[in-house]
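# Take this sequence and fold it.
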Amino acid sequence: MIRARQRLAISAIFLASSLVTSGLRAQSAVDLTVDVKQPKSAVSPMLYGLMTEEINYSYDGGLYAELIRNRTFRSDWTGILNWFLVEKGTASAKVSVDDRTGPSEALTQSAKLEVAKAGANARAGLLNEGYWGFAVRPNARYAGSFYAKSDAEGPLAVRIELIADQSGQVLASASVPVAGAEWKPYKFEMRSGQVTPSAENHLELTIDRPATLWLQLVSLFPPTYHDRPNGNRVDIMEKLAAMHPSFLRFPGGNYLEGNNLNSHFDWRKTIGTLVDRPTHPSTWSYHSTDGMGLLEFLEWCEDLHMQPLLAVFAGYTLDGRAVKPGPDLEPYVQEALDEIEYAAGAVDTKWGALRARDGHPAPFTVRYVEVGNEDSFDRAKTYDSRFAQFYKAIKATSPDIQVIATIPVTGVMPDIVDDHYYKRMPGMFEEAKHYDQADRKGPKIFVGEWATREGTPTPNFGAALGDAAFMTGLERNSDLVVMASYAPLFVNVNPGGMQWSSDLIGYDALSSYGSPSYYAQVMFASCVGISTVNSSLKGTGEKVFYSATASPGKVCLKLVNGASTAQPVNITLRGLGASAHIARVSTLHANTTWATNTIKDSKRIVPVSSTLNFSGERIPFAAPGYSIQVLEVDLK
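The predicted structure is shown next:
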């Protein structure tokens, strides 16, 4: 299949000449002229990055590899969420939430399992459904833990099993002796055998004799990226690594603000051991475990060699309330300063010492801090004053940090302003020109959230065309636009997993896939020069978009054809020389704008690589209809 696609891409490259000779030219040719040795402006080395927040089960049930759903036993009128009673054979038991006992000040309640009757072949306990199942793969190690106490005389053997939903086959198991009436942590390990990869599985935790067992913080992790404890899913992290991101903006987004002051992202409650994290409601109608806490975000940056872009809470919440600037806001300013110190402070500082306690003595480098999120929604118009208060405090303690405003402000000039764009394909085609004539005298620009919103749950090819066209504008103007990040980044494609459509990477419990827009980003980030070069596009190709960047050793051309028919392009690379050259071409193409990838068919639309040999400074070329292409040519 791939070879057939490669032949298609190669034949399309030479389509221009055949169109001319046959008299069937689909569109008039456009002339793209690039002075490969005439730098125009610097390309920001931070241009392409990631933006993330807890939406669409992005962390819990997504990137964060925890398999247990509702590990802290929250409940509603139906009972304990995502947990169910197990009574096998003649076993008799009941389960409830005990509000009077828990293993820490953060987790003050627990699940109380009261088993009145049980035996070796009549076990009783609890079942967890996971995040739409449990992914079990062959010969895999699963690391588990929980807090427990018991009223049993002597050790109480607690069996943990991963069980296939349909067959009842035990896929992996462990037994842990729980002893004593005081809360203690317990750890275990399970290994699967030669099983068929599947997510149609659940977890059971049972005992075989009458007793009362209290449980809290039941946890189970598969192998994680870089084998980090409390870490991230391998498959999703590998997809992010392929994007070559330069920064991560975290923790959001609406998730940063919270629905009210009590539910804003309070980073201080997300550090330390898991048992000391109280969890909190997110802004998208489900609860956050806070397993993905501040240190985990920073380690995510470390694993992918990204700069942290730390978004700090600025006193505005989604219920429309804003903390009054001045003394009322000062505690939140201090919260931000402490957060910066936790990330970047030396071990002899208060918060740097706590980071070292949490297992990371070396400070992280923090060069960017964004104050708030989308504060244009503040009807009281307090952001100018709130931003100024944060800006002055941050600069007083960390003068080298670039402070980002979420909207244009007066009074204090920010280093960078955050712009957001969400439109359909035609709108993004227009936005591709947005910064071409923009004022260069003000702050730099961070396009902190953007997406072409077509397709669900992940973008279709029309969205990818809009995204790629927009990115050509970002590259052409990367002296002004210093950073950009698509949003949202993730979506769990199971029913009920999505709150916002058109998300870059989709997944379920077992697998993940990249959308056409994802592959467009991978392609663009794979070839970026250190400067733009003098270039021009002439002709009638209204849906043709391009960018041209160069380094001392290569030139990178991006071509986007948003029309359904092929577009002949007369490419001239001035200064390349008269010798023979090779262009490495990566092509992303679809037959319709509605074509897309899915969790079941993840490789319908993927980049296809080919090469083009040519002599001199002219490249005979034609961009296929509905195509995104990257051409990389070595400079000699």
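# Every contact and neighbour count from this point should use C-alpha atoms.
Fine.
# List every C-alpha atom in stretch 174-188, with coordinates, as CSV.
Output of stretch 174-188 as CSV, limited to C-alpha atoms (Å, rounded to 0.1, in the frame of the first residue of the first chain):
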residue,chain,number,x,y,z
ALA,A,174,-1.3,-11.0,42.3
SER,A,175,-2.0,-11.5,46.0
VAL,A,176,-1.3,-9.1,48.8
PRO,A,177,-1.6,-9.8,52.5
VAL,A,178,-3.3,-6.9,54.3
ALA,A,179,-2.5,-6.9,58.0
GLY,A,180,-3.7,-4.7,60.9
ALA,A,181,-6.3,-2.0,61.7
GLU,A,182,-4.1,0.9,60.7
TRP,A,183,-3.7,2.4,57.3
LYS,A,184,-0.7,1.1,55.4
PRO,A,185,0.5,1.3,51.8
TYR,A,186,0.8,-1.9,49.8
LYS,A,187,2.5,-2.6,46.4
PHE,A,188,2.2,-5.5,44.0
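# Residues contacting it, please?
102-103, 143-152, 154-161, 189-190 (CA atoms under 8 Å, 6 or more residues apart in numbering).
# What residues sit buried inside that stretch?
Within stretch 174-188, the residues scored as buried using 16 or more other CA atoms under 10 Å are 174-176, 178-179, 183.
# in this structure, what spans have low per-residue confidence?
By pLDDT under 70, the low-scoring segments of the chain are 1-26.
# can you map out the helices along the stretch 351-500 of the chain?
383-397, 425-431, 461-476 (DSSP state H, counting those that start in this stretch).
# other SSEs contacting the last one?
Taking 3 or more CA pairs under 8 Å, 6 or more residues apart in numbering; DSSP states H and E as contact, the helices and strands that helix 461-476 lies on are helix 425-431, strand 444-452, helix 516-526, strand 544-551, strand 554-561, strand 627-634.
# The shortest one now?
The helices and strands touching helix 425-431, judged by 3+ CA pairs under 8 Å, 6+ apart, are helix 461-476.
# Now find how far off-centre the helix it packs on is within its chain.
In terms of CA atoms, centre = their mean, to the nearest Å, the centre of helix 461-476 is set 19 Å apart from its chain centre.
# May I have that helix as CSV, with CA atoms only?
Output of helix 461-476 as CSV, limited to C-alpha atoms (Å, rounded to 0.1, in the frame of the first residue of the first chain):
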residue,chain,number,x,y,z
PHE,A,461,-8.4,16.5,5.7
GLY,A,462,-10.2,19.9,5.1
ALA,A,463,-9.1,20.8,8.6
ALA,A,464,-5.6,19.7,7.9
LEU,A,465,-5.5,21.9,4.8
GLY,A,466,-6.7,24.9,6.9
ASP,A,467,-4.1,24.1,9.5
ALA,A,468,-1.3,23.8,7.1
ALA,A,469,-2.2,27.0,5.3
PHE,A,470,-2.3,28.8,8.6
MET,A,471,1.1,27.4,9.6
THR,A,472,2.7,28.8,6.4
GLY,A,473,1.6,32.2,7.6
LEU,A,474,3.1,31.5,11.0
GLU,A,475,6.4,30.5,9.4
ARG,A,476,6.6,33.5,7.0
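# wait, doesn't D319 sit right on N262?
No - under the criterion of CA atoms under 8 Å, D319 makes no contact with N262, lying 11.4 Å away.
# Next, format the helices and strands packed on helix 461-476 as TSV and append distance to A336 and mean neighbour count.
Converted to TSV, the helices and strands packed on helix 461-476 look like this (distance: least, CA to CA, whole Å; neighbours: other CA atoms under 10 Å):
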stretch	distance to A336	mean neighbour count
helix 425-431	34	20
strand 444-452	20	23
helix 516-526	32	24
strand 544-551	37	24
strand 554-561	40	24
strand 627-634	41	23
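# Identify whichever of the helices of the stretch 351-500 of the chain lies nearest to Q194.
helix 461-476 (38.3 Å; CA to CA).
# Next, the angle strand 444-452 makes with the closest one.
170 degrees (axes from the mean of the first three to the mean of the last three CA atoms, to 10 degrees).
# shouldn't R584 be in contact with S609?
Yes - using CA under 8 Å, R584 makes contact with S609 at a distance of 7.3 Å.
# These two - which one has more neighbours?
A count of neighbours by other CA atoms under 10 Å puts S609 above the other of R584 and S609, at 19 against 16.
# buried residues in the helix or strand hosting the more buried one?
Under DSSP states H and E, the secondary-structure element containing S609 is strand 608-615. With burial defined by 16+ other CA under 10 Å, the residues of strand 608-615 counted as buried are 608-612.
# got it, and stretch 533-542?
Neighbour counts using 16+ other CA under 10 Å place 533-535, 537, 541 of stretch 533-542 among the buried residues.
# Over to stretch 409-427?
Those would be 413-421, 423-425, for stretch 409-427 by 16+ other CA under 10 Å.
# As TSV, the residues you listed with distance to E617 would be great.
Shown next, in TSV, are these (distance: CA to CA, whole Å):
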residue	distance to E617
M413	45
P414	44
D415	41
I416	39
V417	40
D418	40
D419	38
H420	39
Y421	37
K423	38
R424	37
M425	33
